[in-house]
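In: Just the structure for this:
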Amino acid sequence: MAELALGTPALFGLIGVALLFDFLNGLHDSANSIATVVTTRVLRPGLAVAFAAFFNFIAFTVFGLKVAQTMGSGVLETAIVDPAVVFGALWGAISWNVLTWRLGIPSSSSHALVGGLVGAGIAKAGVASVIWSGLTVIGVAIVLSPLMGAILTLCLVLAVSWLSIRATPFAVDRRFRHLQILSSSLLSLAHGGNDAQKTMGIITVLLYSQGRLSGGFHVPFWVVLSCQAAMALGTLSGGWRIVRTMGSRITHLTPVQGFCAETGGAVALFGATFLGVPVSTTHTIAGSIMGVGAARRVSAVRWGVARGILVAWLITLPASAAVGAACYWLGTFIIR
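Out: Next up, the predicted model:
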């Protein structure tokens, strides 16, 4: 395959595809930030997505770029990454995202991207190209992120219930309608901080593989701004099918429960982002919503819906990896 130089249509096209994935990530995952605040009628849908998009965009001012570093150099050996591998990774993830979005399934855009990257890398250079220690950390996060979201949410529900024991239901509802705006902001900030960095890592490793970064592996500021803007625009476009699943099909939510779910999910995501672990915001908030439903009573959670979401989580990595491998082979013919 001929080497591509920065400024060629092919390289610009790949960067455009990466930003398209980021846009679709925002579209697909906007439900993570707004489902509870819309379902509890604290904010109107249009205002909620604008609110979430703003906090998605400014997330880079709060968090470092450790997640981008992990995605760019902690999943595949950088030496084997070339434009065809990036092409396969992106289209593998995009294909899975579009399918699950059409079906209204809140699967993980993050793990779709990781799966696409691993599949394309294995198609090119075999299993030795995978950094298994990094992939193991991501695999553990698949399990721990929803679990941590659920545990933190359960603790918050207990604390809030104890603090509000002498208040009337009307007073509690009114108080937490205001507080839920704060919790939704934190969740949107956490979403933008973790998810946008994954695409930053992909674009950066592409530039690095083409010898277009000076001073070692680092994320250029224009890449940071482009990815945050693409995700914010996707969030602004909304993902209404998944909002319905996340906000009402798993369990019924009140403002106080929405606050607990959003805050528990945000705390878990903040911790993962500061540690540089690319976790799934979808997994985390879904686990939090299940936790708040289970705190009321186990039967309050629609476990049939939850089981379907779990199945989607389990097949995301292998399914997107298979598509990523196929797209890699296609990319070897297209990108020359």
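In: ok, residue 162 - how many residues close by?
Out: 8 (other Cβ atoms under 10 Å). No exception for glycine: its C-beta is placed from N, CA and C like everyone else's.
In: Ignore what I typed, I meant residue 233.
Out: Neighbour tally, residue 233, other Cβ under 10 Å: 17.
In: Give me the pLDDT for it.
Out: Per-residue confidence (pLDDT) for residue 233: 90.
In: Residue 201 too?
Out: Reported pLDDT for residue 201: 90.
In: which non-adjacent residue is nearest it?
Out: Excluding the flanking residues, the one nearest residue 201 by Cβ to Cβ, 6 or more residues apart in numbering is residue 71, at 2.9 Å.
In: Okay, and that neighbour sits in which element?
Out: Using DSSP states H and E, residue 71 sits in helix 66-73.
In: If you count contacts, what does that helix end up packed against?
Out: helix 109-125, helix 169-209, helix 255-275 (3 or more Cβ pairs under 8 Å, 6 or more residues apart in numbering; DSSP states H and E).
In: and the angle for the last one with helix 169-209?
Out: So the one you mean is helix 255-275. Angle of helix 255-275 versus helix 169-209, following axes from the mean of the first three to the mean of the last three Cα atoms, to 10 degrees, is 20 degrees.
In: Use 18 as the first number for this chain going forward.
Out: Renumbered: residue one is now 18, and that last one reads helix 272-292.
In: Output helix 272-292 in PDB with nothing but the alpha carbons.
Out: Output in PDB follows, covering the C-alpha atoms of helix 272-292 (Å, rounded to 0.1, in the frame of the first residue of the first chain):
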ATOM      1  CA  PRO A 272     -36.900  13.200  39.600                       C
ATOM      2  CA  VAL A 273     -35.200  11.900  42.700                       C
ATOM      3  CA  GLN A 274     -34.400   8.600  41.100                       C
ATOM      4  CA  GLY A 275     -33.200  10.300  37.900                       C
ATOM      5  CA  PHE A 276     -30.900  12.500  40.000                       C
ATOM      6  CA  CYS A 277     -29.400   9.400  41.800                       C
ATOM      7  CA  ALA A 278     -28.900   7.500  38.500                       C
ATOM      8  CA  GLU A 279     -27.200  10.400  36.800                       C
ATOM      9  CA  THR A 280     -25.000  11.300  39.700                       C
ATOM     10  CA  GLY A 281     -24.000   7.700  40.300                       C
ATOM     11  CA  GLY A 282     -23.200   7.200  36.600                       C
ATOM     12  CA  ALA A 283     -21.300  10.500  36.400                       C
ATOM     13  CA  VAL A 284     -19.100   9.700  39.500                       C
ATOM     14  CA  ALA A 285     -18.200   6.300  38.000                       C
ATOM     15  CA  LEU A 286     -17.300   7.900  34.600                       C
ATOM     16  CA  PHE A 287     -15.300  10.700  36.200                       C
ATOM     17  CA  GLY A 288     -13.100   8.200  38.000                       C
ATOM     18  CA  ALA A 289     -12.600   6.100  34.800                       C
ATOM     19  CA  THR A 290     -11.700   9.100  32.700                       C
ATOM     20  CA  PHE A 291      -9.200  10.500  35.100                       C
ATOM     21  CA  LEU A 292      -7.600   7.000  35.200                       C
END
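In: tell me which residues in that helix are buried?
Out: Neighbour-count burial for helix 272-292, counted by 16 or more other Cβ atoms under 10 Å, picks out 272-287, 289-290.
In: Could you pull up the residues touching residue 163?
Out: 300-301, 303-305, 307 (Cβ atoms under 8 Å, 6 or more residues apart in numbering).
In: Show the model's pLDDT score for it.
Out: We have a pLDDT of 82 for residue 163.
In: so which strand or helix has it?
Out: Here residue 163 is covered by helix 149-180, with elements defined by DSSP H and E.
In: Distance from the chain centre to that helix, please.
Out: How far helix 149-180 lies from its chain's middle: 15 Å, per Cα atoms, centre = their mean, to the nearest Å.
In: do the same with stretch 222-236
Out: 24 Å.
In: One more: stretch 183-192?
Out: On Cα atoms, centre = their mean, the centre of stretch 183-192 falls 33 Å from the chain's centre.
In: Any regions of the stretch 168-317 of the chain where pLDDT drops low?
Out: For the stretch 168-317 of the chain, residues meeting the criterion pLDDT under 70 lie at 255-269, 312-317.
In: Sorry, wrong one. I was asking about the stretch 18-167 of the chain.
Out: In the stretch 18-167 of the chain, residues with pLDDT under 70: 18-25, 47-50, 52-53, 121-123.
In: cutoff 80 now
Out: 18-27, 44-66, 114, 117-127, 159-160 (pLDDT under 80).
In: related to what we said a few turns ago, and the helix holding residue 88 with helix 272-292, angle?
Out: Interaxial angle, helix 83-90 versus helix 272-292 (the same axes, to 10 degrees): 50 degrees.
In: rewinding a little: most neighbours per residue, which of the helices and strands packed on helix 83-90?
Out: helix 126-142 (a mean of 27; mean count of other Cβ atoms under 10 Å).
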